[in-house]
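**Q** coordinates for the following, if possible.
(chains A and B)
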Amino acid sequence: MESRGVKALLRVASGFILMFLYAPLLIVVIYAFNKNISASWPPNLFTTKWFSVAWQNPELRPAFFNSIKAGVAATSIALLLGTLASFAVHRFRFFGREAISFVLVLPIALPGIVTALALSSAVEVGRSWFGLNFGLLTIIIGHATFCVVVVYNNVIARLRRTPGNLVEASMDLGGDGWQTFRYVTFPSLKTALLAAGLLAFGLSFDEIVVTIYLSGTTSTLPLWIFNNIQRPVNRPIVNVVAMVVLIASLVPVYIAQRLAGGAEAGVSRRNATAA
Amino acid sequence: MRRSSAFLFRHRRLRLTATLGVPLTWMIVVYLLSILLMLATSFWRLNALTSEVERVWGLQNYRTILTQPVYRIITVRTLTMAIAVTLTDLALAFPIAYFAARVATPRTRSILLLAVVMPLWANYLIRVFAWKTMLAGGGPVEYLLGHVLGVNVSLAATNFAVWITLTYLWLPFTILPIYAALERVPGSLIEASSDLGARNFKTFRKIVMPLALPGIVAASIFAFSLSLGDYLTPTLVGKNLFLGNAIDQLVGTAQNRPLAAAIAVIPMIIIAVYLLIARAFGAFEAL
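**A** Sure, this is the predicted structure:
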């Protein structure tokens, strides 16, 4: 129904919007090689000295490893809790069943600062009751809580698509509950769990607001970036770190999407985290 | 293992408890109790002398919010920003979503969708930092405006910077639901409309728009609620306080958790109202 003119207009508009999406990221990459500390344009290219400065930054490495630790731990907890919850909701009919997904989505549906304030208030109480301290443990607990929904959404979607008669066939053929899980249910869930795990890890690795409130003196990579963005002198090393993190997160996504053939899967997956 | 699984299979209730018990307990203990604690805190008060929270119930924090103009100003500012960002995102998202759904070839479409999703995987702070660099004094945007358009403005630490950064952050979230909604509009209805003599624009207005509306409203939920709660973007690229900043400063500098908790209720109420309106538009079916 669209006339030629409208089509051309839409094409041009789409081009501009893509430029809007990518120009800032390109700027980050360019400035990583800037000799100057200031962000003034045009940049004074070309140097790689900030890479070695960043490499030698004493706070950066522990922050990075804390992020990895928190991400792995939170993802493991979320995988366990989310899978259990999705099994329960998928297999059973019980009172309050509809409320489960609402409760699970709440931590990412409410503004980050609200979740952060609520969790930190609880940790304060935990501290006076049984000496709970702000640190890596509280970061992991917080991250796991909002990662559960990602696992839940992915696994329950897969369970709904997996035909129930496979499970019945396994039972009919004499498989017990464990064998059915081991040989039928789990293999059909494997890729959903992998996708959910990657998503949950990404969510945890990126998270900043809840982390600010739960970290105490522990640092994570986003916390390091946050603290250093606010110091103009450190702009060059933030640039370098930003560029490296950017490429480290975008290139695998790009390759995975190309391998998976089409962007649709990624669209629905990333959308599920936001929902 | 085998015997226990057989036992569980026979006892349905036990099986339900075994699967649901752990995640439900976690969510209740870690999350729901925390939220309840925060809501309770909003009715407690701060002892002005000792700076300790006293667990005495009262409405004083809510009275403060309603009577002191500063909180009304901050709420209105936050709400205005959220609405402005939402409208801008919708305006930017619609053409590219429309192009991807109805004009592009399948190959272009998949490339386009991938290009839209990719920035979401980039770290949130890095995307904010990118705009801090873009809008810095003498930075790329000022250079472009000054040398190409002849406009000399300072954009660093302004509401404009907050607006454009938030718009940038949530744009992909807005594009995807609109794309999904437009893609679902049946081609047969469009053909029927033009067969019955409707011009292109009329078909767009009478067929495409009404069918895509739930998706557009669904898309607005993301931009609106994410803008409403974001406080790091104003901290990093702006200078004015938004609701999130008010909460953050009351917890950090002022050590007044009760008042912070009461202010946290404001965005919760606004989002709840927004979701109710969105539901009336059928937005949840479109998600």
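
**Q** sketch out the strands for the chain, chain order is fine.
**A** You didn't pick a chain, so chain A it is. Shown for chain A, no strands are assigned by DSSP state E.

**Q** hmm, I had chain B in mind actually
**A** B:45-46, B:53-54.

**Q** roughly how far apart are the residue in the stretch 1-150 of chain A positioned nearest to chain B and A:Thr185?
**A** Proximity of the stretch 1-150 of chain A to chain B (Cβ to the nearest Cβ) peaks at A:Pro111, 2.1 Å away. In this view, the C-beta of every residue, glycine as well, is placed from N, C-alpha and C. Per Cβ to Cβ, to the nearest Å, A:Pro111 is found 37 Å from A:Thr185.

**Q** neighbour-wise, which of the two wins?
**A** Of the pair A:Pro111 and A:Thr185, A:Pro111 is the one with more neighbours under other Cβ atoms under 10 Å in any protein chain shown, namely 25 against 16.

**Q** re the thing from before, indicate which one of the strands of chain B is closest to chain A.
**A** Comparing the strands of chain B by their distance to chain A (Cβ to the nearest Cβ), the top pick is strand B:53-54, with 9.0 Å.

**Q** and the closest one, what does it pack against?
**A** Counting contacts by 3 or more Cβ pairs under 8 Å, 6 or more residues apart in numbering or on different chains; DSSP states H and E, strand B:53-54 packs against strand B:45-46.

**Q** which neighbours in the sheet does the strand it packs on have, and how are they oriented?
**A** strand B:53-54 (antiparallel) (DSSP bridges).

**Q** for the strand it pairs with, what does the pLDDT average out to?
**A** Taken as a whole, strand B:53-54 carries a mean pLDDT of 84.

**Q** residues making contact with that strand?
**A** For strand B:53-54, the external contacting residues (Cβ atoms under 8 Å, 6 or more residues apart in numbering or on different chains) are B:41, B:44-47, B:257-258.

**Q** how about those, which pair is most distant?
**A** The span of the contacts of strand B:53-54, defined through Cβ to Cβ, is set by B:Thr41 and B:Asn47 at 13.9 Å.

**Q** more neighbours: the two, which one.
**A** Set B:Thr41 next to B:Asn47 and count neighbours by other Cβ under 10 Å: B:Thr41 wins out with 24 against 10.

**Q** wait, B:Tyr274 touches B:Ala223, no?
**A** No - between B:Tyr274 and B:Ala223 there is no contact under Cβ atoms under 8 Å: 11.0 Å.

**Q** and the helices in the stretch 151-275 of chain A?
**A** Residue ranges of the helices in the stretch 151-275 of chain A, as given by DSSP state H, counting those that start in this stretch, are A:164-172, A:177-180, A:186-206, A:209-214, A:221-229, A:235-260, A:264-274.

**Q** now the stretch 51-200 of chain B
**A** Under the criterion DSSP H, counting those that start in this stretch, helices of the stretch 51-200 of chain B are mapped to B:60-67, B:69-98, B:106-121, B:124-134, B:140-144, B:159-184, B:187-195, B:200-203.

**Q** adding mean neighbour count, write these out as CSV.
**A** Output for the helices of the stretch 51-200 of chain B, formatted as CSV (neighbours: other Cβ atoms under 10 Å in any protein chain shown):
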stretch, mean neighbour count
helix B:60-67, 15
helix B:69-98, 19
helix B:106-121, 19
helix B:124-134, 24
helix B:140-144, 18
helix B:159-184, 23
helix B:187-195, 13
helix B:200-203, 15
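
**Q** possible to save these as JSON lines with mean pLDDT and distance to A:Gly142?
**A** Below are those laid out as JSON lines (pLDDT from 0 to 100; distance: least, Cβ to Cβ, whole Å):
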{"stretch": "helix B:60-67", "mean pLDDT": "92", "distance to A:Gly142": "25"}
{"stretch": "helix B:69-98", "mean pLDDT": "96", "distance to A:Gly142": "24"}
{"stretch": "helix B:106-121", "mean pLDDT": "89", "distance to A:Gly142": "21"}
{"stretch": "helix B:124-134", "mean pLDDT": "93", "distance to A:Gly142": "16"}
{"stretch": "helix B:140-144", "mean pLDDT": "90", "distance to A:Gly142": "36"}
{"stretch": "helix B:159-184", "mean pLDDT": "94", "distance to A:Gly142": "21"}
{"stretch": "helix B:187-195", "mean pLDDT": "86", "distance to A:Gly142": "47"}
{"stretch": "helix B:200-203", "mean pLDDT": "85", "distance to A:Gly142": "50"}
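
**Q** closest one to B:Val251 among those?
**A** Nearest of those (Cβ to Cβ): helix B:60-67, 13.4 Å.

**Q** what's the residue nearest to A:Thr47 when sequence neighbours are not counted sitting at in phi/psi?
**A** What sits nearest to A:Thr47 in space, not counting adjacent residues and going by Cβ to Cβ, 6 or more residues apart in numbering or on different chains, is A:Lys35, at 4.7 Å. Note on A:Lys35: backbone dihedrals following degrees, to the nearest 10 are phi -70, psi -30.

**Q** is it true that A:Lys35 touches A:Asn44?
**A** Yes - taking Cβ under 8 Å as the definition, A:Lys35 is a contact partner of A:Asn44 at 4.2 Å.

**Q** quick one on the thing from earlier: quick one: which of the helices of the stretch 51-200 of chain B is nearest B:Gly238?
**A** Shortest distance between B:Gly238 and those, using Cβ to Cβ, is found for helix B:159-184: 4.0 Å.

**Q** okay, the angle between the closest one and helix B:69-98?
**A** Computed with axes from the mean of the first three to the mean of the last three Cα atoms, to 10 degrees, the direction of helix B:159-184 lies at 40 degrees from that of helix B:69-98.

**Q** B:Arg102 contacts B:Tyr179, doesn't it?
**A** No - using Cβ under 8 Å, B:Arg102 is not in contact with B:Tyr179; the gap is 9.7 Å.

**Q** okay, buried residues for stretch A:186-206 please.
**A** Of the residues in stretch A:186-206, A:189, A:192-193, A:195-206 count as buried by neighbour count, 16 or more other Cβ atoms under 10 Å in any protein chain shown.

**Q** neighbours of the spatially closest residue to B:Val30 that is not a sequence neighbour, how many?
**A** Leaving aside its sequence neighbours, B:Val30 sits nearest to A:Thr145 (Cβ to Cβ, 6+ apart; 5.2 Å). Taking other Cβ under 10 Å as the neighbour definition, A:Thr145 ends up with a count of 25.

**Q** now for A:Thr145: which residues touch it?
**A** For A:Thr145, the contact set (Cβ under 8 Å, 6+ apart) comprises A:107, A:119, B:26-27, B:30-31.
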